[in-house]
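> need a structure here:
(one chain, ligands or ions: 1)
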Amino acid sequence: MREVSSAGAVDLSVQIGALRLRNPILAASGTFGYGLEFAHLVDLNRLGGFVTKGLSREPIEGAPPPRLCPTPSGMLNAVGLQNVGVRAFVAEKLPVLRKFDTTVIANVFGYTLEDYVEVIRVLEDAEGLAGYELNISCPNVKKGGMQFGSDPTMVAEVVGAARKAASKRPLWVKLSPLVTDIGLIARSAEEAGADALTVANTYPAMALDHRTGKSCLGNQTGGLSGPAIKPITLKLVWETRKAVKTPIIGLGGTETVEDVLEYLEVGASAVQVGTASFTDPRASQRLAEGLVRVLFELKVFTLSEIRDKFLAEND
Ligand SMILES: Cc1cc2nc3c(=O)[nH]c(=O)nc-3n(C[C@H](O)[C@H](O)[C@H](O)COP(=O)(O)O)c2cc1C
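Below you'll find the model as predicted:
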């Protein structure tokens, strides 16, 4: 997996727990389909990896249109977690994905603990995955619809149950940004066995068409993503870094190499790219290639030279 760039010995490889990635740029869940939709545009083999669309126990049709709506410096989405269901993913998508030399992380969600466990159980028997990412920004239907990710006890329960089910592969936990103290939630996920934390998901938000007084989305509300959220999520990554030792994957509004560097400097080990793939489907590949050039210019030859730079200088 180790890749030394032709630009002159810049080593982009990165270690996330037991998993080695060839570079720190992954495409984010829900913005890169099942990877295959992008294979004619992007050289999947040049990415650090990608995270699949969220997978559930049964197929989900999703929310009514419109599902996307532009907002200043960002985008709202209410896709309603549409997906083919875990069994169809294993039967139809994974066999094709296995032909690529890329790291595939399966994003998993559910509405009960049992849902999460069942999705992982099905994936455990399949070949071609490098790990799981648990989306805990979902309502727990057995706890009155309260988000799994907003309460440390529920986080411990869902991560603990998923950890037991995921005996073969690393488990990443994707945190919700809508929490009072992200450090508390991060520690809970770490203690329950998370191998890495993805920080973070979208921010609940809304936009109206003032002429009709109706939502711009088919749903009343959606999730805000894109450059508008980057400064907020950057702070969450820093706060998470101060709270835990577990590797962090920074996710929110990354569009440029400079954004990637900022995330690494506040303590992320890798970065995911979401909304940027909507304007430029090659965004993740472009960032991985651009990172080599910029690091070479900065005379930085390994990522560990810049990771935590902000922490080191602000102790
Ligand atoms: C259209 C769309 C669909 C998404 N679907 C999922 C999903 O299925 N599971 C998940 O964990 N996150 C999902 N996300 C959240 C992204 O993975 C990411 O956390 C968020 O967009 C912030 O990153 P960005 O600003 O780079 O887009 C989705 C985001 C968008 C825009």
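> Tell me who's in contact with G222.
By Cβ atoms under 8 Å, 6 or more residues apart in numbering, the contact set of G222 is 69, 76-78, 202, 204-207. Placement of C-beta: from N, CA and C, glycine included.
> likewise K214?
L208.
> my guess is L224 meets N201, correct?
No - using Cβ atoms under 8 Å, L224 is not in contact with N201; the gap is 10.3 Å.
> Give me the buried entries from the contacts of G222.
69, 76-78, 202, 205-207 (16 or more other Cβ atoms under 10 Å).
> SS state for G290?
helix (DSSP: H, G, I helix; E, B strand; the rest coil).
> what residues does the stretch 1-150 of the chain put near the ligand?
28-31, 53-54, 77, 79, 81, 107, 135 (Cβ under 6 Å from any ligand atom).
> If we use 8 Å, what do you get?
Residues of the stretch 1-150 of the chain found near the ligand (Cβ under 8 Å from any ligand atom) are 28-31, 51, 53-54, 67-68, 74-75, 77, 79, 81, 83, 107, 109, 133, 135, 137.
> And the helices in the stretch 101-250 of the chain, which stretches?
When secondary structure is read from DSSP state H, counting those that start in this stretch, the stretch 101-250 of the chain shows helices at 113-124, 152-165, 182-191, 230-243.
> Could you pull out the strands in the stretch 151-300 of the chain for me?
171-175, 196-199, 203-205, 208-209, 214-215, 222-225, 248-251, 270-273 (DSSP state E, counting those that start in this stretch).
> could you dump these to a markdown table with mean pLDDT and distance to the ligand?
Compiled in a markdown table, these are given as follows (pLDDT from 0 to 100; distance: least, Cβ to the nearest ligand atom, whole Å):
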| stretch | mean pLDDT | distance to the ligand |
| --- | --- | --- |
| strand 171-175 | 98 | 5 |
| strand 196-199 | 98 | 7 |
| strand 203-205 | 97 | 9 |
| strand 208-209 | 96 | 19 |
| strand 214-215 | 97 | 16 |
| strand 222-225 | 97 | 3 |
| strand 248-251 | 98 | 5 |
| strand 270-273 | 98 | 6 |
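> contacting residues for A27?
35, 38, 42, 47, 49-51, 272-274, 277, 284.
> Show me the shaky parts of this protein.
The chain contains residues with pLDDT under 70 at 1-8.
> can you count the residues close to the residue in it that the ligand sits nearest to?
Relative to the ligand, the nearest point of the chain is G30 (1.8 Å; Cβ to the nearest ligand atom). Residues lying near G30 (other Cβ atoms under 10 Å) number 23.
> Angles on the backbone of H40, please.
phi -80, psi -10 (degrees, to the nearest 10).
> From V51, how far off is it?
20 Å (Cβ to Cβ, to the nearest Å).
> likewise L175?
In terms of Cβ to Cβ, L175 sits 14 Å off from V51.
> quick revisit: okay, the helices of the stretch 101-250 of the chain in CSV with mean neighbour count next?
CSV is the format used below for the helices of the stretch 101-250 of the chain (neighbours: other Cβ atoms under 10 Å):
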stretch, mean neighbour count
helix 113-124, 20
helix 152-165, 19
helix 182-191, 21
helix 230-243, 20
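> want to throw these into CSV with distance to L12?
Listed next are these as CSV, based on distance: least, Cβ to Cβ, whole Å:
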stretch, distance to L12
helix 113-124, 28
helix 152-165, 29
helix 182-191, 26
helix 230-243, 19
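> right, so of those, which gets closest to L21?
Among the helices of the stretch 101-250 of the chain, helix 230-243 comes nearest to L21, with 17.4 Å by Cβ to Cβ.
> In the stretch 1-150 of the chain, what residue spans correspond to strands?
14-16, 19-21, 25-27, 49-51, 68-71, 74-77, 104-108, 131-135, 139-140, 146-147.
> just those strands: most buried one?
The highest mean neighbour count among the strands of the stretch 1-150 of the chain, using mean count of other Cβ atoms under 10 Å, belongs to strand 25-27: a mean of 29.
> Return the residues of the stretch 201-315 of the chain in contact with the ligand.
So far as Cβ under 8 Å from any ligand atom goes, the stretch 201-315 of the chain lies against the ligand at 201-202, 223, 225-227, 229-230, 233, 251-254, 272-276, 278.
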